[in-house]
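Chemist: Have a look; sequence and predicted model below, questions after that.
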Amino acid sequence: MARFPGRSRGHPADGSAGGSPDDRPEHARAPRDSPGRPGSPSARRTPGRRFRAASSGLTVAGQVFALQVVVVLLLVGAAVVALVLQSERDSVEEARTRSVAVAQTFANSPGIVEALASPDPTAILQPKAQSVRIQTGVDFVVVMNTDGIRYTHPLPDRIGKKFVGTTGPALAGGVVTERIVGTIGPLVQAVVPVTAPTGRVVGLVSAGITIDRVSSASDRQLPIVLGAAAGALLLATGGTALVSRRLRRQTHGLDPAEMTRMYEHHDAVLHSVREGVLILSGSGRLLLANDEARRLLDLPPDADGRHVTRVGLAPAMAGLLASGRAVTDDVVPAGGRLIAVSVRPTDRDGGPAGSVATLRDSTELLGLAGRADLARGRLRLLYEAGVSIGSTLDVTRTAEELAQVMSPAFADFVTVDLAEQVLDGDEPPGGSAVSRMRRAAFAGVAGVAEGAPFKPVGAVVDVVPDSHLARSLAGGEPVLETDLGAATAWRSQDPAGAERILAYGVHSLVRIPLRARGVLLGVVRFWRSERAEPFEEDDLSLAEELVAHAAVCIDNARRYTREHAMAVTLQHSLLPRRLPPQDALDVAHRYLPAQAGVGGDWFDVIPLPGARVALVVGDVVGQGLHAAATMGRLRTAIHNFASLDLPPDELLGHLDELVNRIDLDESANPGEVAVTGATCLYAVYDPVSRRCTLARAGHPPPAVVHPDGTVEYPSLPAGPPLGLAGMPFETAELELAEGSLLVLYTDGLVEDRTRDIDVGLDLLRDALARPGRSPEETCADVLDALLPVPQTDDIALLVARTRGLAADRVAEWEVPSDPAAVSGVRAAVSRQLAQWGLDEAAFVTELILSELITNAIRYASGPIRVRLLRDRTLICEVSDTSSTSPHLRYAASTDEGGRGLFLVAQFADRWGTRYTGTGKVIWTEQPLR
């Protein structure tokens with residue numbers, strides 16, 4: 001309602017001092033439209049009606065008082081400013097006069113000329129100057145020579161220093177005064193000459209005093225001026241109070257403009273405000289009702305002045321208004337409307353007894369509020385769906401999120417059925433040809449048995465041809481069934497299931513096809529049973545929007561599932577499917593791809609000549625198909641480099657060059673993703689010497705578990721990651737006792753977003769520190785202790801238990817560099833083979849060794865060694881100090897030689913050359929049957 005600036009009190013039209021309109025005789029009351037009727041324009045202009053209001057601005061008395069105060073303050077301010085200026089001027093003049101007088105008196109005092117001419121003027125003049133300064137009240141008396149060098153000063157440390165001030169006129173015989181700001185504040189100083197009897201200036205005297213130390217008459221006059229100002233203000237206040245009292249008595253605190261505004265506000269409340277206003281007396285009589293109140297309550301024309309219970313109001317409304325109690329927005333029925341009533345008493349702060357009631361028609365507002373709440377709930381549901389649906393790239397989880405968001409906020413039951421191809425991550429059938437689906441998600445109100453009365457999650461849903469479901473899916477149109485009991489078409493899909501659904505009390509259905517990119521993925525059905533109201537068109541629109549969002553999320557998850565499966569398949573195809581046979585190590589391995597992607601981790605076990613075995617673990621930076629493909633290229637390269645039997649540091653050097661070349665090639669193509677680096681650990685174990693040679697390129701160090709269970713991380717040079725422009729690598733050599741465990745792994749095992757690598761290494765040490773376990777058991781225990789949840793990176797783990805080649809399976813001979821010694825070696829080899837029970841291999845072995853030893857004697861120098869190893873194969877090795885490797889070639893029919901190495905290659909299963917730090921080793925392998 002409109003708020004009045006003050007109170008209004010009604011008086012009789014005849015100007016009498018008391019009574020109310022109802023106190024007049026019936027014949028004296030004015031009709032509704034008569035000039036004298038209360039509330040009519042003529043009645044509102046009656047001189048006898050009095051108003052009293054508190055104005056937002058100043059009254060006339062207040063304005064007079066404010067003007068007087070301003071005038072007095074201006075006069076007082078001007079007087080104070082004048083006194084201050086006069087005081088300052090008098091103080092400066094007094095300071096100038098006093099400083100000149102003191103300086104001249106001291107300059108003309110007896111003995112000063114002699115003192116200036118003495119050898120030590122300071123000793124004579126300083127006590128005198130200090131005494132004069134104290135007696136006269138100045139701040140300083142300074143005596144100086146004609147060059148301005150001080151002989152005296154209140155601060156002894158400034159004696160002998162240059163005087164600060166103007167001395168030129170004083171040297172000419174004049175007097176200098178100046179106002180300066182010194183270290184002690186604003187001051188006036190005077191400089192006068194000291195003249196000898198001959199009239200010559202022999203020195204200068206300066207005296208100064210701060211202005212604050214000089215008092216003036218204005219300081220004594222200021223309290224008088226302020227007292228007079230206070231008196232004037234008191235007189236003005238008293239006069240204004242008298243005038244204000246008189247004006248308030250005549251105008252009730254209102255000036256003519258405010259009274260005009262009061263009339264305009266009163267008229268607006270009566271005729272323009274779209275809110276009902278009633279003014280009631282303390283006895284419950286209706287004093288005033290505006291037009292809106294008359295419309296809302298349907299008041300009779302003669303309602304003014306009558307008791308509120310006798311104007312035809314409903315009992316509830318009349319009782320509320322007659323009670324006079326304060327209420328706020330109480331909704332009361334009246335004449336087919338719902339009226340919001342607020343009542344406030346008027347007798348606060350000394351006002352007249354009575355109350356003011358405001359009325360608002362809330363019938364339409366309640367309907368609008370209900371629709372607004374419904375719209376707000378749908379918007380909240382849309383927001384929750386946008387946040388919750390599609391939080392993961394999992395098809396089934398996305399379907400479950402859709403069902404959980406929509407039940408029970410939108411529907412009592414939600415079923416989500418997806419094509420089987422979608423659940424498997426495959427491309428769904430084109431168009432709308434879906435014949436078989438599976439239930440991917442179900443959600444229902446609390447307290448309902450799982451799935452009842454619907455098929456459970458995982459159940460197959462076959463689409464019946466020519467059924468209502470098949471036709472709606474083919475057309476791609478949503479279906480709204482407000483009354484399932486009356487509808488029959490939807491039952492054709494599953495008549496028995498439809499009867500169970502109806503028997504359960506389900507009465508309304510919304511069915512929305514799940515479509516993305518123009519392809520049908522499945523169908524979502526919303527069912528209502530608990531709530532009585534059926535689905536309506538607005539619900540259908542909301543469901544379509546939510547299902548469209550969910551369809552995109554499900555399709556994205558499906559495509560991700562397919563790509564992830566392809567990447568995992570590619571990755572597993574690039575990793576070793578089975579470990580090669582060898583006797584040097586007992587090996588177990590684990591490979592776990594990341595849950596949300598495919599990385600470039602790999603491992604390998606590569607048999608090498610001489611019964612040795614190479615172990616490899618590596619990690620390509622990044623994830624996805626590109627990382628997996630790069631891993632495959634690096635693994636193939638390592639196999640090729642290992643076939644050359646390169647030392648670990650040289651092999652990593654060649655691998656580093658390869659990564660650099662790959663990076664340059666792919667950086668040249670804008671569409672290609674460059675390799676951002678890789679790490680690798682390469683180890684070679686020799687079962688004869690039980691030594692392991694290792695080198696790493698930015699990879700975590702291996703762990704060694706000794707037979708007694710002690711775990712250590714050997715000191716192994718880290719080396720830079722692969723692809724950092726040809727940095728050198730270093731090797732380390734370990735001697736491992738038989739039965740030791742060598743553990744190689746990638747960083748995904750010991751490091752993740754929530755765990756630092758040092759913490760992971762400590763956990764790995766604890767998991768390995770238990771002796772007596774096989775490599776398979778060790779792998780399982782390590783993963784149980786360290787596998788992070790969720791797993792965000794690939795994990796490769798390789799555990800190898802060392803074995804040694806028994807001494808009785810190794811034979812070695814030193815061969816002199818003499819062709820005659822070949823026969824002796826052949827005989828010794830034949831005897832050794834007989835001891836091993838390999839007589840059948842003696843002839844071929846003698847032939848191979850004869851050729852290899854003869855070549856070594858002919859083309860090499862230094863010691864020659866022959867070694868036989870009985871492992872899975874019979875290994876023959878001939879080592880010398882030459883770095884020249886023999887090459888296989890076909891001899892011509894006329895050549896007398898050149899066929900020896902060809903025969904070696906024919907009789908041996910494999911042969912090759914490896915280089916050592918002192919030369920080379922030529923080796924052959926023969927199968928043992």
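Modeler: Great, that's in hand.

Chemist: mind showing which ranges of the stretch 1-150 of the chain have poor pLDDT?
Modeler: 1-65 (pLDDT under 70).

Chemist: Tell me how far Val416 lies from Gly518.
Modeler: Per Cβ to Cβ, to the nearest Å, Val416 is found 20 Å from Gly518. Glycine gets a C-beta too; all of them are placed from N, C-alpha and C.

Chemist: what about the two, which has more around it?
Modeler: Counted by other Cβ atoms under 10 Å, Val416 and Gly518 do not tie: Val416 has more neighbours, with 27 against 9.

Chemist: after the helix or strand harbouring the more buried one comes which helix or strand?
Modeler: Here Val416 sits within strand 413-419, counting by DSSP states H and E. Sequence order places helix 420-423 as the next helix or strand after strand 413-419, per DSSP H and E.

Chemist: I'd like to know which elements that following helix is packed against.
Modeler: helix 395-406, strand 436-444 (3 or more Cβ pairs under 8 Å, 6 or more residues apart in numbering; DSSP states H and E).

Chemist: so how far is the helix or strand containing Val904 from its chain's centroid?
Modeler: Val904 belongs to helix 900-907 when assigned by DSSP H and E. Relative to the chain's own centre, helix 900-907 is displaced by 71 Å; criterion: Cα atoms, centre = their mean, to the nearest Å.

Chemist: Output it as PDB - backbone C-alpha positions only.
Modeler: What follows is helix 900-907, C-alpha atoms only, in PDB (Å, rounded to 0.1, in the frame of the first residue of the first chain):
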ATOM      1  CA  GLY A 900      84.800 -72.600 -44.600                       C
ATOM      2  CA  LEU A 901      82.300 -70.000 -43.300                       C
ATOM      3  CA  PHE A 902      79.700 -71.200 -45.800                       C
ATOM      4  CA  LEU A 903      80.000 -74.700 -44.300                       C
ATOM      5  CA  VAL A 904      79.800 -73.200 -40.800                       C
ATOM      6  CA  ALA A 905      76.500 -71.500 -41.700                       C
ATOM      7  CA  GLN A 906      75.200 -74.700 -43.200                       C
ATOM      8  CA  PHE A 907      75.900 -77.000 -40.200                       C
END
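
Chemist: Can you list the helices and strands that it packs against?
Modeler: If you count contacts as 3+ Cβ pairs under 8 Å, 6+ apart, helix 900-907 packs onto helix 842-859.

Chemist: Need the pLDDT of the closest residue to Ala459 other than its chain neighbours.
Modeler: Sequence neighbours aside, Arg439 is the residue nearest to Ala459 in space, at 4.9 Å (criterion: Cβ to Cβ, 6 or more residues apart in numbering). pLDDT recorded at Arg439 is 91.

Chemist: What about the nearest residue to Asp708 once chain neighbours are set aside, how many residues nearby?
Modeler: Take Asp708 and drop its neighbours on the chain: the residue closest to it by Cβ to Cβ, 6+ apart is Pro771, 6.1 Å away. Neighbours of Pro771 under the rule other Cβ under 10 Å: 13.

Chemist: Equivalent analysis for Cys779, please.
Modeler: By other Cβ under 10 Å, the residues close to Cys779 number 18.

Chemist: Check the secondary structure at it for me.
Modeler: Under DSSP: H, G, I helix; E, B strand; the rest coil, Cys779 falls in the helix class.

Chemist: Test for you: state the pLDDT assigned to it.
Modeler: Looking at Cys779, its pLDDT stands at 94.

Chemist: now Ala498
Modeler: pLDDT recorded at Ala498 is 90.

Chemist: cool, Asp219 as well?
Modeler: With respect to pLDDT, Asp219 scores 61.

Chemist: dump the residue contacts of Thr561.
Modeler: Contacts for Thr561 (Cβ atoms under 8 Å, 6 or more residues apart in numbering) come out as 393-395, 424-425.

Chemist: Which residue comes closest to Ala703 once chain neighbours are left out?
Modeler: Closest residue to Ala703 apart from its sequence neighbours, by Cβ to Cβ, 6+ apart: Val743 at 4.1 Å.

Chemist: Can you get me a residue count around the one you found?
Modeler: Counted with other Cβ under 10 Å, Val743 comes out at 23.

Chemist: Check the spacing between it and Ile757 real quick.
Modeler: To Ile757, Val743 is 15 Å away according to Cβ to Cβ.

Chemist: For the residue most central in space within the chain, give me phi and psi.
Modeler: By Cα atoms, centre = their mean, the chain has its centre lying nearest to Arg753, at 16.0 Å. Backbone torsions of Arg753, given as degrees, to the nearest 10, read phi -70, psi -30.

Chemist: From what I see, it and Pro790 are in contact.
Modeler: No: at 9.8 Å, Arg753 does not count as touching Pro790 under the criterion of Cβ atoms under 8 Å.

Chemist: list residues touching both of these two?
Modeler: Counting by Cβ under 8 Å, 6+ apart, Arg753 and Pro790 have no contacts in common.

Chemist: show me where pLDDT drops low in the stretch 751-900 of the chain?
Modeler: Ranges of the stretch 751-900 of the chain meeting pLDDT under 70: 887-900.

Chemist: now the helices for it?
Modeler: Assigned by DSSP state H, counting those that start in this stretch, the helices in the stretch 751-900 of the chain fall at 757-768, 775-786, 821-835, 842-859, 900-907.

Chemist: before we move on, what SS does Tyr591 have?
Modeler: Relying on three-state DSSP, one would call Tyr591 strand.

Chemist: How much space separates the closest residue to it other than its chain neighbours from Ala316?
Modeler: Excluding the flanking residues, the one nearest Tyr591 by Cβ to Cβ, 6+ apart is Ala796, at 5.3 Å. Plainly put, Ala796 is 82 Å away from Ala316 if you go by Cβ to Cβ.

Chemist: do the same with Leu75
Modeler: Applying Cβ to Cβ to Leu75 and Ala316 gives a distance of 68 Å.

Chemist: packing partners for the lengthiest helix in the chain?
Modeler: Longest helix in the chain, counting residues (DSSP state H): helix 60-107. Other helices and strands packing on helix 60-107, by 3+ Cβ pairs under 8 Å, 6+ apart, are helix 121-136, strand 140-144, strand 176-182, strand 185-195, strand 201-210, helix 218-251.
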